[in-house]
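Colleague: Here is my input, please return the structure:
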Amino acid sequence: MDMSRVDGFDSSMLEFARRWLPFGGPRAGDILVEFGMTVTQYELRLLALIDSTDSRTMPEADRAKLRAQLVERDSNRRPHLAQP
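Modeller: Below is the predicted model:
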C-alpha cells in the first residue's frame with residue numbers, strides 16, 4: 001500500500017487499523033500504548049482519515065470494512081433504548 005501522501009502519524013494509524021481489522025479492531029490498551037489516545041479519539045480521527053482524500057491509496061474494500069467496523073463498535077458501546 002503506497003501511503004506516501006499521508007503523513008507519518010496518519011499512515012501509522014491506517015496501517016495499525018488495517019492490521020487489526022481481521023480481529024474486530026484493537027483493544028483500548030493497544031490504542032493507548034500505540035497512539036496515546038482514548039478509543040473515542042482514535043476512532044473519530046480514523047473515521048475522518050478514512051474519508052479523507054489522502055487515504056485513497058488504501059484499497060476501497062479495506063476502507064469500507066474499517067468504516068463498517070468503526071460504526072459497529074460505536075453502536076455496541078452506546079446504550080440501547082428499550083422498545084415499548
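
Colleague: so where is this protein shaky, pLDDT-wise?
Modeller: Across the chain, the ranges flagged by pLDDT under 70 are 1-6, 78-84.

Colleague: longest helix anywhere in it?
Modeller: helix 60-77 (DSSP state H).

Colleague: Please look at residue 62 and residue 18 and confirm they touch.
Modeller: Yes: applying C-beta atoms under 8 Å, one finds residue 62 in contact with residue 18, separated by 5.9 Å. (Glycine included, C-beta is placed from N, CA and C.)

Colleague: Residue 7 - how many residues pack around it?
Modeller: Per other C-beta atoms under 10 Å, the neighbour tally for residue 7 reads 10.

Colleague: How about residue 60?
Modeller: 9.

Colleague: For it, give its distance to residue 50.
Modeller: Residue 60 sits at a distance of 10 Å from residue 50 (criterion: C-beta to C-beta, to the nearest Å).

Colleague: what's the overlap in contacts for these two?
Modeller: Common contacts of residue 60 and residue 50, defined by C-beta atoms under 8 Å, 6 or more residues apart in numbering, are absent altogether.

Colleague: So the residue nearest the centre of the chain, which state does it fall into?
Modeller: Most central in the chain under C-alpha atoms, centre = their mean is residue 46, positioned 4.3 Å from the mean C-alpha point. Classification of residue 46 using DSSP: H, G, I helix; E, B strand; the rest coil returns helix.
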